[in-house]
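Enquirer: please find the sequence and the predicted model below.
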Amino acid sequence: MRYSIRTRLTLLIALAYASVFFFLVAAGALALYLGIENDIDKKLRTERNGMLTLFESEFTGLLSATGYRRSKLTDEFLAKLNDIHGYKNQFVIFSLESETGRRVYSDGGIKNVQLLLPKGFLTKEAAFHNQHLVGKLYRVLIAKPLWGTLVVGIENQAFFEVADQFKEILFFGVPLTLLLVLVGGHFLARHVMRPVVAAAEATEKITLTNLSARLPDYTGKDEFGKLVKTLNQMIARLEQGVKQVQQFTHDAAHELRTPLTTLRGELEMAYQKPSMPDAVRAGLQKSLDRAISMSQIVDNLMLLAHSETGNYPIQMSTFRLHELFHDLVDDVRMLSEDQPIEILLTHCDVVTFSGDKQLIQRLLLNLSDNALKNTEQGSIEFTLRRGNNHIQFTVKDTGRGIAKRDLPNIFDRFYRVRQARARSTGGSGLGLAICKWIVEAHQGSIGLNSQIKRGTTVKIILPIG
Ligand SMILES: Nc1ncnc2c1ncn2[C@@H]1O[C@H](COP(=O)(O)OP(=O)(O)OP(=O)(O)O)[C@@H](O)[C@H]1O
Ligand SMILES: [Mg+2]
């Protein structure tokens, strides 16, 4: 699946923000955790010092005491420790080493904690350690006085608190900021992409007939500005090239027109000479036909060249379109008299129409010419209908139809389907291109439906006025 640049930009921004957010929160949490741990360590140090002072000032007797005196002293020592330090979330281990042997006492929140510690824990170096005990994390300080080992442990609540807070922030904070960033990013990306969208929309409107249009000025000196400038220069070069081609077509047609007219005149004159033998006259007739067809092509070329440069002087007038249809049907009937084709005007609303009468006539002529040329038998049927603010007319024949592969090109100039090219008679392939231009010049639309060997229907919709 392809995403638009805007979406991709938004997602990238969101990803960048989410990562930064995550790392900031993680760094914050770590700093917080280390701060709290530092506090615990301070407390542990104070506890250790207090306990060592108490032992060394009052209870060193324990090292040599035995029997009843020893257990009495031990009770006293532990009671005093308890008084001074309290044992909430805490434990203490004394390991005494003397000539009477090695003895270990413990007290605090965990009973017989020395048995729960991993083997050899008491022989670890004098330092801070982290240790899991009964499902909780303890911060532990080991001290090594001359008489043995002292271990003080405090539950490291902070670790869990910070972890919980961290989870909470991540759970709510990340989606929330992500949402904000997505919305913000979307608007940001839209803002950034605006000149591109504008340029694309403007480009869409640039066609062969309005190559003088340019992309909207974008004064920024950034990449977009450069792109717009380059595109505008390219369109200018295209415009120049197309103008030259159009001018050439126009000039060539113009140059051909006069000699052709002269030629036609001379042929007609020669043809009318009574002294002309019949065999020569037949040859002259053929040449005359060709000259007429050539001057029609030249006329069509001139018209198309004018239409492309936008120079054709469209002459608007209001006229009765239905009358044109009646006249047209009469003409077509006459032209097809000796053919087994029925010419029908099946529906003809009364329509007063505003447009270029000559062009509309030409449009109808081209369509009926096509229908006549391509229909051997059956019917050619015309309709004219009036809508609220548009008219619609159709020319439908039962002729040879057009193959599917030709349909996409049928309105191109000089395009003729293969069979038509093979026929010696027939036109130049400009008729439908002219029809299309006439319809577009009247802001209308033209559609062509055709099935091979079944017939063709051309439908035209024009706005009234
Ligand atoms: N009603 C139709 N039935 C069958 N084929 C058609 C029909 N109308 C047009 N065509 C085909 O489309 C091609 C293009 O038509 P277009 O009117 O542009 O050119 P043309 O009739 O050959 O020449 P011109 O109109 O310049 O004399 C024609 O060659 C013809 O084969
Ligand atoms: Mg034609």
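Expert: Nice, thanks for sending it over. Ligands and ions are numbered 1, 2, ... in the order given.

Enquirer: how far off centre is stretch 367-387?
Expert: The gap between where stretch 367-387 is centred and where its chain is centred comes out at 44 Å by C-alpha atoms, centre = their mean, to the nearest Å.

Enquirer: what are the buried residues along that stretch?
Expert: By neighbour count on 16 or more other C-beta atoms under 10 Å, the buried set for stretch 367-387 is 367-368, 370-375, 379-384, 386. Quick note: C-beta positions are derived from backbone N, CA and C, even for glycine.

Enquirer: cool, stretch 303-318 as well?
Expert: Neighbour counts over stretch 303-318 (16+ other C-beta under 10 Å) mark Leu303, Leu304, Ala305, His306, Ser307, Glu308, Tyr312 as buried.

Enquirer: out of the residues you listed, which are inside helices?
Expert: Under the assignment DSSP state H, the buried residues of stretch 303-318 contribute Leu303, Leu304, Ala305, His306, Ser307, Glu308 to helices.

Enquirer: check those and tell me the two furthest apart.
Expert: Leu303 and Glu308 (9.8 Å; C-beta to C-beta).

Enquirer: tell me the spacing between the residue of the chain found nearest ligand 2 and Tyr415.
Expert: Residue nearest to ligand 2 within the chain: Gly431 (2.6 Å; C-beta to the ion). Using C-beta to C-beta, to the nearest Å, Gly431 is found at 10 Å from Tyr415.

Enquirer: these two: who's more crowded?
Expert: For Gly431 versus Tyr415, neighbours defined as other C-beta atoms under 10 Å are more numerous around Gly431 (22 against 17).

Enquirer: what sits against the more buried one?
Expert: Shown in contact with Gly431 (C-beta atoms under 8 Å, 6 or more residues apart in numbering): Asn300, Asn366, Asp369, Asn370.

Enquirer: re the thing from before, specify which member of the buried residues of stretch 367-387 is nearest to Gln157.
Expert: Of all these, Arg386 has the smallest distance to Gln157: 88.2 Å, by C-beta to C-beta.

Enquirer: now that closest one, nearest residue through space, not along the chain?
Expert: Asp349 (4.1 Å; C-beta to C-beta, 6 or more residues apart in numbering).

Enquirer: any idea which element the residue of the stretch 101-250 of the chain found nearest ligand 1 lies in?
Expert: Nearest to ligand 1 in the stretch 101-250 of the chain, going by C-beta to the nearest ligand atom, is Thr249, at a distance of 14.9 Å. Following DSSP states H and E, one finds Thr249 within helix 223-272.

Enquirer: which strands and helices sit next to that helix?
Expert: Helices and strands touching helix 223-272, as assessed by 3 or more C-beta pairs under 8 Å, 6 or more residues apart in numbering; DSSP states H and E, comprise helix 174-205, helix 278-309.

Enquirer: can you list those helices in TSV and add distance to ligand 2?
Expert: Below are the helices and strands packed on helix 223-272 laid out as TSV (distance: least, C-beta to the ion, whole Å):
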stretch	distance to ligand 2
helix 174-205	30
helix 278-309	10
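
Enquirer: the stretch 301-450 of the chain: helices as residue ranges?
Expert: Counting by DSSP state H, counting those that start in this stretch, the segments of the stretch 301-450 of the chain that form helices are 321-335, 357-373, 418-422, 431-441.

Enquirer: of the ones you listed, give the one that comes closest to Leu180.
Expert: helix 431-441 (49.2 Å).

Enquirer: the closest one and ligand 1, any residue contact?
Expert: Yes - using C-beta under 6 Å from any ligand atom, helix 431-441 reaches ligand 1 at Gly431, Leu432, Ala433.

Enquirer: quick one: residues contacting the residue lying closest to the second one once chain neighbours are set aside.
Expert: Going back to what we said before, that points to Leu432. Once flanking residues are discounted, Leu432 sits nearest to Phe411: 5.0 Å by C-beta to C-beta, 6+ apart. Contacts for Phe411 (C-beta under 8 Å, 6+ apart) come out as Leu432, Ala433, Cys435, Lys436, Ile446, Leu448.
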